[in-house]
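**Student:** only geometry, no sequence info:
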């Protein structure tokens, strides 16, 4: 029992420093999300419950509008799948690393966000630290950061009264920042310009309430076709 306790402490102490930078970002966004839920008319337990069960920041922000709109489970499913489609590739990349970790694999799959994937995939884990427990604590700590931030935002949002006009723009701002970071990192802006063009066309064709899913499906289809064309010609990998 003492040996197991030491193993867990060693894994936790090794994992914790990796998650410190995530803490600040998750708390800021989590608190903002909790306040956003509150000013949208939801009780504080909504962001608490959603941050535990969904644990996907972008989807949780989008879910606010879904809950306020008409009941449409198909739209919710497609929207969630498109927003988090990158996790399919994360999962494939982590197949070998998750092998042999026992019951922890279930939680590691559920809690694999961008930040946890980045740490667990690239971290140089010491030989004397259990790999499974290291990844478990990384995932658990990041999950707790997001949950606590969302909970505090939901609670304080109902207790503190201030002018929240324009707060709903936080979701738009978040996606603009993500797009800008991607634009600065990429050398070829074809995919970004393609996404903007298709989105504008779908907005004109389907209107503001129904353009998102057609735009995402069209972008996915065209990017897939563009990738296959060079591969068939023996060009870009």
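**Tutor:** Great, that's in hand. Predicted model only: the values in this text are computed from it and were never measured.

**Student:** Just give me the longest helix of this structure.
**Tutor:** Assignment by DSSP state H gives helix 2-39 as the longest helix of the chain.

**Student:** now the next helix or strand after it: mean pLDDT?
**Tutor:** Per DSSP states H and E, the first helix or strand lying C-terminal to helix 2-39 is helix 45-53. Mean pLDDT, helix 45-53: 92.

**Student:** Helix 45-53 vs helix 2-39, what angle?
**Tutor:** Between helix 45-53 and helix 2-39, the angle comes out at 140 degrees (axes from the mean of the first three to the mean of the last three CA atoms, to 10 degrees).

**Student:** any idea how far the residue nearest to the spatial centre of the chain lies from residue 143?
**Tutor:** In the chain, the residue lying closest to the centroid (CA atoms, centre = their mean) is residue 56, at 4.1 Å. Residue 56 sits 11 Å away from residue 143, going by CB to CB, to the nearest Å. Using the backbone N, CA and C atoms, a C-beta is placed for each residue, glycine as well.

**Student:** just residue 202 next, same as before
**Tutor:** Here the criterion is CB to CB. By it, residue 202 lies 34 Å from residue 143.

**Student:** Could you do residue 135 as well?
**Tutor:** Distance of residue 135 to residue 143, given as CB to CB: 12 Å.

**Student:** So which of these two has more stuff around it?
**Tutor:** Between residue 135 and residue 143, counting by other CB atoms under 10 Å, residue 135 is the more crowded of the two (29 against 19).

**Student:** so what's that one up against?
**Tutor:** 15, 97-98, 101, 104, 108, 116, 120 (CB atoms under 8 Å, 6 or more residues apart in numbering).

**Student:** related to what we said a few turns ago, quick check: phi and psi at the residue nearest to the centre of the chain.
**Tutor:** phi -150, psi 100 (degrees, to the nearest 10).

**Student:** residue contacts, it?
**Tutor:** By CB under 8 Å, 6+ apart, the contact set of residue 56 is 80, 83-84, 113.
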